[in-house]
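# from the sequence below, what's the structure:
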Amino acid sequence: MRRGAIPALALALLLPALSLAAPSSQDRGVHPRELSGLPSYVKRVEPSIVGLRVRAPEKAPSSARLGSRRFGSAVIFDARGYAVTVSYLLLDAASLEARSRDGRRWEARLIALDLDAGLGVIKLEGAGPWAAAALGKSTDVVTGARTGTVGVDEDNDLVQVTGAVHAIQPFSAYWEYMLDRALIVAPASPQWGGSAVVNDRGEVVGIASLRLGEAPHVNLAIPIERFIPVKDELIAAGRIVSRPPRPWLGLYTVEVGGGVVVSETSPIGPAAAAGFLKGDRILRVNGVAVGSQREFYEQLWSKRAGDLIEVAVQRNARVQIIAVPSVDRHSLFRVRD
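Alright, predicted model coming up:
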């Protein structure tokens, strides 16, 4: 997967085009020997950034959308070699290789997934100690605050883009995913998947996840506040165990004409077997009317994984109820052997 891109994900996540300057040439492809001119906040986080190469089986469910070979960045947050990245890079991973900026390579292990937040934890297998990034307070970030988005490209060169927080807002996406508070950073980095978003002190305040909108693009960053309180739990348990798992249906939806419409079903989700069709308009979930993705997710997640979810859909001018036995999405992806 080239340049950290997840094309299938980006299609349904478009924001209105923004009048933003594109990254300048000096923001891209910084060789390890050319760091002297970088901003101090970039220099502070740079030793903690590694490139991540992921291989998944060709026939793995996630490979159809994400590809079987993936590339992104990860941010070391613990001197024992633990690093955080975006979860979609890690789905169905058969092998992981991390590369430091000075050319060293290590095998890595998948430690944990937090699919609700969209983050994952890996462990570098090698001699430490490791340079751990300072984690900041994303709750202190305000619109207009200066940022740096720092990652690496496939040639192991540093890619850093100096920008600012364009917006802080809720975000929902078609694959049963929602953030109450997402950081929208502009201009976009060409290497967004797993890159660190840092404040002007070099503290990590977010993990870049997606590229949104038409050119010139912006990046969506997952606030580090979604990670700091649970990082020790993720290392210990491989997932979040302190709260009940959310129910997952495997429904891909879009908002059309003031409603929620099924665009596709996941081949590994229960919705496909339950009989949902492309174009079904979702009217109610468990008897409660929904008119947006946010309302759909709030009603769905008011239940627990394993509960039967009743979804009223309109199809060809007729309304029918589809009962779906929900599942725990984390149970579908192996984390530890």
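
# quick one, helices of the stretch 201-337 of the chain?
Counting by DSSP state H, counting those that start in this stretch, one finds helices in the stretch 201-337 of the chain at the ranges 231-237, 270-274, 293-300.

# out of those, which is the most enclosed?
Neighbour counts (mean count of other CB atoms under 10 Å) averaged over each of those peak at helix 293-300, with a mean of 19. C-beta: built from backbone N, CA, C; applies to glycine.

# who's in contact with that one?
Defining contact as CB atoms under 8 Å, 6 or more residues apart in numbering, one finds that helix 293-300 is touched by 170, 172-174, 176, 178, 246-247, 249, 253, 255, 260, 282, 285-286, 288-290, 309, 326.

# out of the helices of the stretch 201-337 of the chain, flag the one nearest residue 165.
Evaluated with CB to CB, these place helix 293-300 nearest to residue 165, the distance being 21.6 Å.

# for the helices of the stretch 201-337 of the chain, give me CSV that also has mean pLDDT and distance to residue 332.
CSV is the format used below for the helices of the stretch 201-337 of the chain (pLDDT from 0 to 100; distance: least, CB to CB, whole Å):
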stretch, mean pLDDT, distance to residue 332
helix 231-237, 98, 17
helix 270-274, 96, 11
helix 293-300, 98, 17
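
# got the confidence number for residue 156?
Predicted confidence (pLDDT) for residue 156: 88.

# also residue 81?
pLDDT, residue 81: 96.

# leaving out the residues flanking it, which one is nearest to it?
residue 124 (3.9 Å; CB to CB, 6 or more residues apart in numbering).

# domain boundaries for this structure, per the record?
As assigned by automatic domain parsing, the chain contains the domains 24-133+229-237, 138-225, 247-332.

# let me know which of the ones you listed is tucked in deepest.
Highest mean neighbour count among the domains of the chain (mean count of other CB under 10 Å): domain 138-225, with a mean of 22.

# and that one, how far apart are its ends?
6 Å (CA to CA, to the nearest Å).

# residues contacting residue 93?
Contacts of residue 93 by CB under 8 Å, 6+ apart are 54-56, 110.

# separation between the nearest residue to residue 171 once chain neighbours are set aside and residue 210?
Distances taken as CB to CB, 6+ apart put residue 182 closest to residue 171, at 3.9 Å, once the chain neighbours are dropped. To residue 210, residue 182 is 9 Å away according to CB to CB, to the nearest Å.

# and what of residue 318?
Residue 318 is 36 Å from residue 210, by CB to CB.

# do the same with residue 292
Counting by CB to CB, the gap from residue 292 to residue 210 is 19 Å.

# residue 216 too?
For residue 216 relative to residue 210 (CB to CB), the value is 15 Å.

# again, but for residue 261
Distance from residue 261 to residue 210, by CB to CB: 21 Å.

# returning to that earlier point: what's the overlap in contacts for residue 182 and residue 210?
residue 220.

# show me where pLDDT drops low in this structure?
Residue ranges of the chain with pLDDT under 70: 1-36, 337.

# scan it for its longest strand.
Criterion DSSP state E: the longest strand present in the chain is strand 158-173.

# sorry, back to before: determine which of the helices of the stretch 201-337 of the chain approaches residue 148 most closely.
helix 231-237 (21.8 Å).

# packing partners of that closest one?
Packing partners of helix 231-237 (3 or more CB pairs under 8 Å, 6 or more residues apart in numbering; DSSP states H and E): strand 69-78, strand 82-86, strand 105-114, strand 119-125.

# just the C-alphas of the first one, formatted as CSV.
As requested, C-alpha coordinates have been extracted for strand 69-78 and formatted as CSV (Å, rounded to 0.1, in the frame of the first residue of the first chain):
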residue,chain,number,x,y,z
ARG,A,69,1.2,-5.3,2.1
ARG,A,70,0.8,-2.1,4.1
PHE,A,71,3.1,0.7,5.2
GLY,A,72,2.8,3.3,7.8
SER,A,73,4.4,4.8,10.9
ALA,A,74,4.4,4.0,14.6
VAL,A,75,5.3,6.1,17.6
ILE,A,76,7.3,4.6,20.5
PHE,A,77,5.6,5.6,23.7
ASP,A,78,7.4,3.3,26.2
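
# distance between that strand and the chain's centre?
Offset of strand 69-78 from its chain centre (CA atoms, centre = their mean, to the nearest Å): 12 Å.

# ok, the third one next?
The offset between the C-alpha centroid of strand 105-114 and the centroid of the whole chain comes to 16 Å, using CA atoms, centre = their mean.

# tell me the strands beside it, with direction?
strand 95-99 (antiparallel), strand 119-125 (antiparallel) (DSSP bridges).

# not counting its own residues, what contacts it?
Counting by CB under 8 Å, 6+ apart, 52, 82-83, 87, 90-91, 93, 95-99, 119-126, 226-227, 230, 234-235, 237-240, 330, 333, 335-336 sit against strand 105-114.

# what of the first one?
In this structure, residues lying in contact with strand 69-78 by CB under 8 Å, 6+ apart are 1-4, 45, 48-56, 82-86, 89, 98, 122, 124, 130-133, 135, 151-152, 154, 191, 193-196, 204, 207, 231, 235.

# and that strand with strand 95-99, angle?
60 degrees (axes from the mean of the first three to the mean of the last three CA atoms, to 10 degrees).
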